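*Asks:* no sequence on this one, just coordinates:
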């Protein structure tokens, strides 16, 4: 499965460690929320970065205290129709100030890229090669946005207000 | 009218090219039907019994004559020469080819029309009162807020994959013509003691197989907070709405299961954390949107022009005027409803020729503006009273002057088994038969206001629960049967109708309705007592007796 990070197909530096499997001695790992919460301190003290896969039906409260020590948070789309992780992503970025890697996993398809970017995702485990290859062009599909999110893109409303101000300043 | 600017136009065009790419990938097999299904639904494309159906949004029911002509062109070029106006201020085309859909969308985009989110599990077309901006006594024009919400809900990055569809309606009049109590969120615009604009917010209304009347979640949300408050409701719903069972996924079930107090508390907690954020609407922002709505330059005209006095001698004109012409907030003007319910016709259908003709009449008599209401009729919102006789003649010629607005033949019906893959029974032929039974206008006038709503299945697209008489098609051993309810209503006093007894077969439905109406005529205590009030006073028993005594 190709990984897209910061707009480019790239090698995944995080090793998925399934529940029950032995942890590698060092190196960056990605573990489930259940495994992480068993003993967060032990995992965070270990040599190597830690990322956590957080399920979309669990409140973020148990994750929030650890955010500044995590290398990545992976949110899950069990199906692309299940949009709960969009809310989690925005809350992590906009309410809890998380600025590390925010990864979309599960059924991640081309036609959700723009929504995911706007919600704050920056890394994508893309289901299909062709979708990963089309990432850069797909991300540019839209130039106009109506909602303010934490992604910094200016909304249509803001652009209109700016235009108004510059027009009135020029008079 | 709201004028799109370059940004609105750019977004619509970007959506068209995205959809063109999606269709291309589907046709080449790159996308599976399962993957494509959600994408096409997000753009109003259903697969029906015979063909793809294409649903196009008419935000808050306001259309320009230019836009109406574009509908006519699409109906001719890509469909079979007609379109169907729905109960949620949309128009549907029933015979579109998938490969041609992107072109149809592009044609509509040229006049600022789109099909975004007219289906799928996202925020649907924001609807409002078809008399918005012209109704006497209105608090203020609710379309400014409808447009703010339309923009905010369009391609929303957080709420495009909700547990289920989500519908918002807004009214600003005491008499609710937007049916806000049967919407996921209903907004009633009002002023607080300081004269500031805000909304009573209702949540959890809806029909379908588990109907609920919306409950007030907050009696007053200030206008500047409306986006953040709606966002808080949606965030709670997106996270906690049920996704395990499609029939329990609407917000009404979440509100019902949690109880309105607990749900309100969850929303309040979420809202407190975001109420001072980027969604707060400054006065200047609201005014920016308001400034892009244009209003007609009304003339100073007499209340009773000579043309109207003379025409009053024609009883046919008078009958139409009394039925279809309504008071306007500006003296000398009227609001005119155009009935899309001709005797024997499918409710809500208009031919391409009729659409073009209505566009011409709007240019001539209504400042180029047309409205669409949830009762599936059209409306010319600014007609000078002196023009009414001429307009009437023109409407007669194109078959849009049937004087049956709000009467027994002004029926709401879903497409039913003639088109829809979900339906259990036919709706349109029942409606057509009823319009023939009650074709005599004197009889219909005598009966007075009576709304019949017909749905071909439990999904309730024909709003049968809230019809004064509701007719619901069900399937019994392969045959079409119909359950009859009475006493429902969709306005400010919204309530569900009561079932009168066992379902009746297709062939008997019209007889049963005639029996119910005859019973009402015998039972009402005076001619002004409406059907729905007689049912309220007496309950369903006397009607039930009348219907089932001989069956």
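*Replies:* Yep, that arrived. Predicted model, so just to flag it, every value in this text is computed and none were measured.

*Asks:* Could you use CA atoms for every contact and neighbour count after this?
*Replies:* Will do.

*Asks:* Those residues of chain A touching chain B, which are they?
*Replies:* Residues of chain A lying close to chain B (C-alpha under 8 Å from any C-alpha of the partner chain) are A:57, A:80-84, A:86-87, A:90, A:114-116, A:118-119, A:141-148, A:156-157, A:161.

*Asks:* Which among those count as buried?
*Replies:* Buried members of these, counted by 16 or more other C-alpha atoms under 10 Å in any protein chain shown: A:80-84, A:86-87, A:90, A:114-116, A:118-119, A:142, A:144-148, A:156-157.

*Asks:* sec struct for residue A:74, please.
*Replies:* Under DSSP: H, G, I helix; E, B strand; the rest coil, residue A:74 falls in the strand class.

*Asks:* For it, list the residues it contacts.
*Replies:* A:51-54, A:102-105 (C-alpha atoms under 8 Å, 6 or more residues apart in numbering or on different chains).

*Asks:* what sits opposite it in the beta ladder?
*Replies:* Here residue A:74 sits in beta bridges with residue A:53, residue A:103, going by DSSP bridges.

*Asks:* roughly how far apart are it and residue A:51?
*Replies:* Note on residue A:74: its distance to residue A:51, by C-alpha to C-alpha, to the nearest Å, is 7 Å.

*Asks:* Any residues of the stretch 101-250 of chain B in contact with chain A? List them.
*Replies:* B:151-152, B:154-163, B:235, B:238-239, B:243.

*Asks:* Give me the buried positions along stretch B:417-427.
*Replies:* In terms of neighbour count (16+ other C-alpha under 10 Å), stretch B:417-427 has its buried residues at B:417-420, B:423-427.

*Asks:* what residues does that stretch touch?
*Replies:* B:47-50, B:94, B:413-416, B:428, B:454-457, B:473-475, B:480-481.

*Asks:* what separates residue A:61 from chain B, distance-wise?
*Replies:* Between residue A:61 and chain B the distance, using C-alpha to the nearest C-alpha, to the nearest Å, works out to 14 Å.

*Asks:* Run through the chain and note the low-pLDDT ranges.
*Replies:* As the question left the chain open, I've gone with chain A. Residue ranges of chain A with pLDDT under 70: A:169-171.

*Asks:* Residue ranges of each domain in it, please.
*Replies:* Following automatic domain parsing, chain A resolves into domains at A:3-140, A:143-171.

*Asks:* okay, those, which one's buried deepest?
*Replies:* domain A:3-140 (a mean of 18; mean count of other C-alpha atoms under 10 Å in any protein chain shown).

*Asks:* First-to-last residue distance for it?
*Replies:* OK, domain A:3-140 end separation, C-alpha to C-alpha: 18 Å.

*Asks:* Tell me which entries of the buried residues of stretch B:417-427 lie within strands.
*Replies:* Among the buried residues of stretch B:417-427, none falls in strands (DSSP state E).

*Asks:* Closest to residue B:306 out of the residues you listed?
*Replies:* residue B:427 (44.2 Å; C-alpha to C-alpha).

*Asks:* all strands for the stretch 301-450 of chain B, in order.
*Replies:* All strands of the stretch 301-450 of chain B, identified by DSSP state E, counting those that start in this stretch, fall at B:325-327, B:333-338, B:349-351, B:369-372, B:378-384, B:412-413.

*Asks:* Put together TSV for the ones you listed, with distance to residue B:59 on each row.
*Replies:* Below are the strands of the stretch 301-450 of chain B laid out as TSV (distance: least, C-alpha to C-alpha, whole Å):
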stretch	distance to residue B:59
strand B:325-327	22
strand B:333-338	18
strand B:349-351	19
strand B:369-372	10
strand B:378-384	14
strand B:412-413	20
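
*Asks:* Quick check: which of these is buried the most?
*Replies:* Most buried of the strands of the stretch 301-450 of chain B, by mean neighbour count (mean count of other C-alpha under 10 Å): strand B:412-413, with a mean of 30.

*Asks:* A strand includes residue B:220, no?
*Replies:* Yes: Residue B:220 forms part of a strand when assessed by three-state DSSP.
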